[in-house]
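[1] The sequence isn't on hand, but the structure is:
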């Protein structure tokens, strides 16, 4: 059972408890409300991610550092869809909002699990152009030649590796010390 921020029922404010109940696939333990029957499903959140290729900068790839991160790790542009928005429109909007780059092409790379964050990542290759101006959410960016990118071995890093393979580049992965 993964942790959750839910302690109280959003319907009636009673305390939620881990309760096993019969579901379509058999018994399942979830946070449930004994007072009103509410179930907190805790389903994964879809997250959009972009490998941003700057077509007006010789095809360099833009990676950015989130302002909330310590260290100097650079990663994809990511974000959440808005209600009524397609994933393709959502990632084009996120790229524009976070970098001021305008998407010219948006193509699906793949869908990846990110269990640690209870997310499903929908990754796109976004060809974009324009002057780069970062939102306050991002602290800095770097432009990389595709062959110089080092992938991290989970989530968006796997998307980058697939994108690199599609370009005939064997991906390299960073190593984490245990």
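    Yes, it's here. Every value quoted in this text rests on a predicted model; they were computed, and no experiment measured them.
[2] C-alpha only now, for contacts and for neighbours.
    Fine.
[3] mind showing which ranges of this structure have poor pLDDT?
    Applying pLDDT under 70 to the chain flags residues 1-4, 177-178.
[4] Show me where it has its strands.
    Taking DSSP state E, the strands of the chain run over residues 17-23, 26-32, 39-40, 45-54, 60-66, 77-79, 102-114, 119-129, 138-144, 150-151, 172-173.
[5] would you list these in TSV and tack on mean neighbour count and distance to residue 162?
    Shown next, in TSV, are the strands of the chain (neighbours: other C-alpha atoms under 10 Å; distance: least, C-alpha to C-alpha, whole Å):
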stretch	mean neighbour count	distance to residue 162
strand 17-23	12	36
strand 26-32	15	34
strand 39-40	16	34
strand 45-54	24	11
strand 60-66	21	14
strand 77-79	21	16
strand 102-114	17	7
strand 119-129	23	10
strand 138-144	16	17
strand 150-151	18	10
strand 172-173	15	11
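[6] I'd like those strands as CSV, with distance to residue 86 appended.
    Converted to CSV, these look like this (distance: least, C-alpha to C-alpha, whole Å):
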stretch, distance to residue 86
strand 17-23, 30
strand 26-32, 30
strand 39-40, 25
strand 45-54, 11
strand 60-66, 23
strand 77-79, 13
strand 102-114, 12
strand 119-129, 11
strand 138-144, 24
strand 150-151, 27
strand 172-173, 31
